[in-house]
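> no sequence for this one, just the structure:
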């Protein structure tokens, strides 16, 4: 039996959620990748200074929340994939608030007491948060998965799109009070055909695909599953385990064009992103060919990934196969979950990181040229450390403010009994933190990053924001069936060389989604985009943008390319330790204090 056959048989037997390859994949006779061969060892990275440390402030901050899976013994598929969360400034006071997605009970299996709801926590500005769920109009029950946060109606406050098992919800923010407008906006995430069941949506992102200034909506859908079609799989031949995705038909992602700030049109087929073979769990936005038009990259579970390049008119071409990001180096479709994009060496070449199933290490597809990528996870020293973990949430951020993007991941298996059949793999797993050494390699510093990184959890969503406005990046980790972790970064206390840039765009794109900011400081050249999406079922704060400047006390210059017009504004020196606002209508550096 070949290695590929053994792998498929093992994953089918244990009921893992991510096991088979696409119908389009090459024959299974392909030689196994090096990391899967017995005795394969990657030399440990050279030691790096432990300059990144987090403190768990969840309870002290007033975050009291337990995620509900709805599990009642049947092991229905959605129960194990978790829910996400993220950061939004819902009340426009300059402080990032926290939104946590929640699951629910299955019909006929409700429990006594108050039903589960999503939660909104207002940032009070003193390291404390207040639960404002009810007063914000979010006191409802839905089997939620992911969220996308953006000002789609251009009224100056952030709205919520909530992806779910079944029809999704669009929640319009009206001065801190949310109203559901899904039906009027026609963005359920499902097919318009009445003979089809509602879709199972996962991640989503707001993106102005046609650069008309209005935020369009991209929604990831997973598989065609319902309680009535749930299949029986087993670990021991007797008790049920969670089913595998290859046993279900895929579901196309959907793209909705924003018509007027109120209504949307489903342009999935017209835009070239209709693909019913997709089993999508994560989406990231980037401009891979630097033409000013936002592109989409989608992580699929046991199916080839998608790389949709924007043709310049809001329509896309899937270039994943030609670009080398559809499969792994052995021609196999991996089980992709979380996803993010960053320029790791500050040389203009973007890297796509994708979290995969256990025994499938993290993917790091890195640009060789604008439309060709190579998986450099091994060269970046990420393979050995991520081989046994099952990675869901994943994001890049400059945690130590040295000017280079580091990497955080949230891990956790999908099968509670996995350790009974694979003794080197556990259900609860530690999160991990990797420091970018600036030479194209990552160093695992999880052991020095704080107690939170020593605690095994069933990690799912991962989002980042500067919750206390001290210039460094804090983390939110969601836990399937458990309590989230709010982790405060202490990097800012030792590394003060940072700036934050808040962009104020012209109407209707008030948050300048899609804008690209370049900062020069000595030898450092950093470029970042204002964007939504990324990670897994979650969304990070992206406006303002944090730039770590390493040893430099000021920038040399700053350039902003605005998303709708494409105009480029160049500005001068910005001193560190400051938050700056740049307005599209009258570009200049205005220092503000929001602490």
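Perfect, I can see it now. Computed from a predicted structure; not experimentally measured.
> Can you get me a residue count around residue 112?
Applying other CB atoms under 10 Å, we find 5 residues neighbouring residue 112. Where C-beta positions appear, they are placed from N, C-alpha and C, glycine not excepted.
> quick one: it from residue 104, how far?
15 Å (CB to CB, to the nearest Å).
> again, but for residue 423
34 Å.
> what does residue 322 give?
According to CB to CB, residue 322 and residue 104 sit 42 Å apart.
> And the two? Which one has more around it.
It is residue 104, of residue 322 and residue 104, that has more neighbours when counted by other CB under 10 Å, with 23 against 14.
> got the contact list for the nearest residue to residue 324 once chain neighbours are set aside?
Nearest residue to residue 324 in three dimensions, chain neighbours excluded: residue 373, at 4.7 Å (CB to CB, 6 or more residues apart in numbering). Listed by CB atoms under 8 Å, 6 or more residues apart in numbering, the contact partners of residue 373 are 323, 324, 325, 352, 365, 366, 367.
> where's residue 313 relative to residue 73, distance?
51 Å.
> Out of the two, name the residue with the larger neighbour count.
The neighbour count for residue 313 versus residue 73, taken as other CB under 10 Å, is higher for residue 313 (11 against 8).
> quick one: secondary structure of the residue nearest to that one when sequence neighbours are not counted?
Spatial nearest neighbour of residue 313, excluding adjacent residues (CB to CB, 6+ apart): residue 210 at 6.8 Å. Three-state assignment for residue 210 (DSSP: H, G, I helix; E, B strand; the rest coil): coil.
> Surely residue 210 is in contact with residue 311?
No - using CB atoms under 8 Å, residue 210 is not in contact with residue 311; the gap is 10.7 Å.
> between these two, who's got more neighbours?
Between residue 210 and residue 311, residue 210 has the larger neighbour count (other CB under 10 Å), namely 20 against 14.
> State the pLDDT value of the more buried one.
Here, the pLDDT recorded for residue 210 equals 97.
> Return the distance of it relative to residue 564.
Between residue 210 and residue 564 the computed distance is 10 Å (CB to CB).
> if we can go back for a sec, I'd like the contacts of residue 373 laid out as TSV, including neighbour count and pLDDT.
Formatted as TSV, these follow (neighbours: other CB atoms under 10 Å; pLDDT from 0 to 100):
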residue	neighbour count	pLDDT
323	23	98
324	19	97
325	25	98
352	24	98
365	26	98
366	24	97
367	22	97
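> mind listing which of those residues are in helices?
residue 323 (DSSP state H).
> Now flag whichever of the contacts of residue 373 is closest to residue 283.
residue 352 (11.4 Å; CB to CB).
> got the contact list for the nearest residue to the closest one once chain neighbours are set aside?
In this structure, residue 352 finds its nearest non-sequential neighbour in residue 365, 4.3 Å apart by CB to CB, 6+ apart. Residues in contact with residue 365 (CB under 8 Å, 6+ apart) are 323, 324, 325, 351, 352, 354, 373, 374, 375, 376.
> between these, which is nearest residue 117?
residue 354 (31.3 Å).
> from memory the closest one sits against residue 375, does it?
No - with contact defined as CB under 8 Å, residue 354 does not count as touching residue 375 (9.5 Å).
> Nearest residue to the middle of this structure?
Closest residue to the average C-alpha location of the chain: residue 535 at 1.4 Å, with CA atoms, centre = their mean.
> does it have beta-bridge partners, and which?
Beta-bridge pairing of residue 535 under DSSP bridges involves residue 339.
> Offset the numbering so it begins at 437, please.
Will do, 437 is the new start, and the previous item becomes residue 971.
> if I look at it, how far off is residue 978?
11 Å.
> For residue 562, grab the count of nearby residues.
Using other CB under 10 Å, residue 562 has 8 neighbouring residues.
> now residue 698
Neighbour count of residue 698, defined by other CB under 10 Å: 12.
> For it, give me its contacts.
Counted by CB under 8 Å, 6+ apart, residue 698 has contacts 589, 617, 620, 621.
> okay, those residues in JSON lines with pLDDT and secondary structure next?
Formatted as JSON lines, the contacts of residue 698 follow (pLDDT from 0 to 100; DSSP: H, G, I helix; E, B strand; the rest coil):
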{"residue": "589", "pLDDT": "98", "secondary structure": "coil"}
{"residue": "617", "pLDDT": "98", "secondary structure": "coil"}
{"residue": "620", "pLDDT": "97", "secondary structure": "helix"}
{"residue": "621", "pLDDT": "97", "secondary structure": "helix"}
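> Most widely separated two among the residues you listed?
Farthest apart among those by CB to CB are 589 and 620. That separation is 11.5 Å.
> More neighbours: which of these two?
Using other CB under 10 Å as the criterion, residue 589 and residue 620 rank with residue 589 on top: 21 against 12.
> which non-adjacent residue is nearest the more buried one?
The spatially closest residue to residue 589, leaving aside those adjacent along the chain, is residue 697, at 4.5 Å (CB to CB, 6+ apart).
> measure that neighbour to residue 650 for me?
Taking CB to CB, one finds residue 697 at 6 Å from residue 650.
> do residue 503 as well
Applying CB to CB, the value for residue 503 to residue 650 is 33 Å.
> where exactly do the helices run in the stretch 637-786 of the chain?
Under the criterion DSSP state H, counting those that start in this stretch, the stretch 637-786 of the chain contains helices at 756-759.
> low pLDDT regions in it?
Where the stretch 637-786 of the chain drops to pLDDT under 70, the residues are 671.
> Strands of that one, start to end?
637-643, 652-657, 669-670, 676-677, 690-694, 700-702, 716-722, 731-736, 742-746, 752-754, 775-778 (DSSP state E, counting those that start in this stretch).
> and if you look at the stretch 887-1031 of the chain?
Going by DSSP E, counting those that start in this stretch, the stretch 887-1031 of the chain shows strands at 895-901, 910-915, 921-925, 934-940, 952-957, 960-965, 981-984, 993-997, 1004-1007, 1014-1019, 1026-1028.
> Same question for the stretch 437-586 of the chain.
Under the criterion DSSP E, counting those that start in this stretch, the stretch 437-586 of the chain contains strands at 490-492, 521-524, 533-536, 555-559, 565-567, 580-586.
> Could you identify which of these is most buried?
Among the strands of the stretch 437-586 of the chain, ranked by average contacts under mean count of other CB atoms under 10 Å, first place goes to strand 580-586 (a mean of 29).
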